[in-house]
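Asks: show me how the following folds:
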Amino acid sequence: MPKSIKASFDIHDKTQLEIIFDYFLLPDRKDLKKIESTQRFDLDFYLFFPPQMNINAETYKKENFFNDLRPLLSMKEPKYTWKMLYGEGKNRDISPLNCLEKLIEGKSEKDINKDITINQLRLFACGFSSFFNKNMKRKCKHLKRSQKKSKDLTKISMESFIFLKRYFGLFLLWKNFRKSFLLKLKTNKNIEIKNEVQFIDEYLHFILKENIARFTNSIKNYQPFLDKILFSIISRRVRAITKILYTEHNSEFSRVFKEKSPSSYKEKFSLRIGFLKRRVWQVLYLNVKEKNYFLNKKQFSYMIAAGVAALWALLANTMIWYSLQFGENNFFGNLSGEIVGFSGSAIILAFITAYILKDRIKDIGRKYLQNNLLKNLSDSHEKITYGSLNSKYINVGSISESFNFRNGQDHIPEEIINFREYKLGSRFLDQEETINYYKKVILKGKVINKINENIFAVRDIIRLNIKNYISRLGDPYFKTRLLTSEGKSKRIEVPRVYYIDLVLNYSQKDQSGQMQNIALDCRRLIVNKEGVVRLES
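Replies: All right, here's what the predicted structure looks like:
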């Protein structure tokens, strides 16, 4: 069975850990050319916290955790190859540029579907820019790995030079397509499509220049290891490409942005790039909307606990009133004489006690239900939708999430404990607090595939904010005295760090409908008072 979940871990910034999951859409078992209609992916997280962080059920509520967990769902950009982009031979029919031309070919301007055309243009730009970035980064990594082997470096540099020519050829291919595409939109009836093409052209222009700059920097760093003639050829090619790029500027932001530009211009350029990137990539964003889900753990446990507490209050009040009315010492018969006496005080105390017990029954019952009888119900259930330009939302799946504290070895699966000990070393479970976060993602594969047939996966980006975890920690460093082997005393500064261990188990529903474990994975997040120090595996 093909692996359908890919995970990667990274430090997003000083206070956020970023985990990216790619859910790959499996083919239908009856027809491998089609996508399976419904697909399920399960993620089971275990977070282990040291006692110094004081993370427990009393100080850290479910609401705090879900506020610290910032998910972002999107479709993964279309995956292109050289042959697909060039439309060579058999690939002509699936070339994205040819597919874009078919959207307007032979149609009058009023018959062109504006929303579909703009969506497909943006999807192409996402896949095209991603293809640029990934291939150039790969070439630069090859150069770095081969810097000590002059023969390998020369070979890879020559390959990089050839790659650069093809790379720029793709951009010229887009420029020619842009020109012919705009010529077919002669009037201003489709001004929005024309503007979109201009925005995409500006964005791809920036991507190309950024990547050529990255390549130039890599070549320059390894110049001493390169043949002089080869380096001269590559340099001339880069200068020629750069001249063409700066000749064809179509953006004031690109023209004014230079190394010595004032900060105000650099700020405008930064805002412009942010605007273009979001405009292009928003076509892949998925929306997570809260769904009216009656049987979620929180609501259902509150309702049952409140019902039991109300039943107790009703029975207690009935018994008290019955005793008052029909007891041996009729309270109402002696109301005037004993209302402030012993009997009256006892009755008032009974009512107060019943009311207090009602609230306690509700709180204890809710916790018991959430942690025992209703532990398999989710804390939240939300639907995943895709928003098109015409404001119609397409339902593409759902997400269910649950959160619980699991303290002690008895409440943590043995495979999680053993895997953590094997990969990260043994820890003191009895002194730690453990959070279990479970996430179930259900995707409608056929619906997603209809949006664009080149989309093959959904990306789930989870950012865990650790500010609440480190707020109670001590200073990042402390000073102590060290006794040397010579018997001397030396004052040294020692870093004060803490470990947050993350162990996760992810699984998928296979083509036969059975849940299959894919892999166990783990990371150790080393933090101090100021934030993340490093990430270890």
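
Asks: quick one, helices of the stretch 401-537 of the chain?
Replies: Counting by DSSP state H, counting those that start in this stretch, the stretch 401-537 of the chain has helices at residues 414-424, 445-451, 467-470.

Asks: go ahead and confirm Leu483 touches Ile492.
Replies: No: the pair Leu483 and Ile492 fails to qualify as a contact (C-beta atoms under 8 Å) at a distance of 10.9 Å. The C-beta positions use only the backbone N, C-alpha and C, and glycine is treated the same way.

Asks: residues contacting the nearest residue to Val447 once chain neighbours are set aside?
Replies: In space, Val447 comes closest to Val396 once its chain neighbours are excluded; the distance is 5.2 Å by C-beta to C-beta, 6 or more residues apart in numbering. Residues near Val396 by C-beta atoms under 8 Å, 6 or more residues apart in numbering: Leu286, Ile384, Thr385, Tyr386, Leu443, Lys444, Val447, Ile448.

Asks: can you rerun that using 10 Å?
Replies: By C-beta atoms under 10 Å, 6 or more residues apart in numbering, the contact list for Val396 reads 73, 75, 286-287, 383-386, 442-448, 450-451, 458.

Asks: how about Gln16?
Replies: Gln16 is in contact with Asp10, Asp68, Arg70, Ile462, Arg463, Leu464, Asn465, Ile466, Lys467, Gly531, Val532, counting by C-beta under 10 Å, 6+ apart.

Asks: could the residues you listed be laid out in JSON lines, adding neighbour count?
Replies: As requested, the contacts of Gln16 are exported to JSON lines (neighbours: other C-beta atoms under 10 Å):
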{"residue": "Asp10", "neighbour count": "10"}
{"residue": "Asp68", "neighbour count": "17"}
{"residue": "Arg70", "neighbour count": "14"}
{"residue": "Ile462", "neighbour count": "20"}
{"residue": "Arg463", "neighbour count": "17"}
{"residue": "Leu464", "neighbour count": "21"}
{"residue": "Asn465", "neighbour count": "15"}
{"residue": "Ile466", "neighbour count": "18"}
{"residue": "Lys467", "neighbour count": "11"}
{"residue": "Gly531", "neighbour count": "15"}
{"residue": "Val532", "neighbour count": "19"}
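
Asks: next, format the residues you listed as JSON lines and append distance to Leu182 and pLDDT.
Replies: What follows is the contacts of Gln16, written out as JSON lines (distance: C-beta to C-beta, whole Å; pLDDT from 0 to 100):
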{"residue": "Asp10", "distance to Leu182": "39", "pLDDT": "93"}
{"residue": "Asp68", "distance to Leu182": "47", "pLDDT": "90"}
{"residue": "Arg70", "distance to Leu182": "40", "pLDDT": "81"}
{"residue": "Ile462", "distance to Leu182": "41", "pLDDT": "92"}
{"residue": "Arg463", "distance to Leu182": "39", "pLDDT": "93"}
{"residue": "Leu464", "distance to Leu182": "45", "pLDDT": "93"}
{"residue": "Asn465", "distance to Leu182": "45", "pLDDT": "94"}
{"residue": "Ile466", "distance to Leu182": "49", "pLDDT": "93"}
{"residue": "Lys467", "distance to Leu182": "49", "pLDDT": "92"}
{"residue": "Gly531", "distance to Leu182": "48", "pLDDT": "93"}
{"residue": "Val532", "distance to Leu182": "47", "pLDDT": "93"}
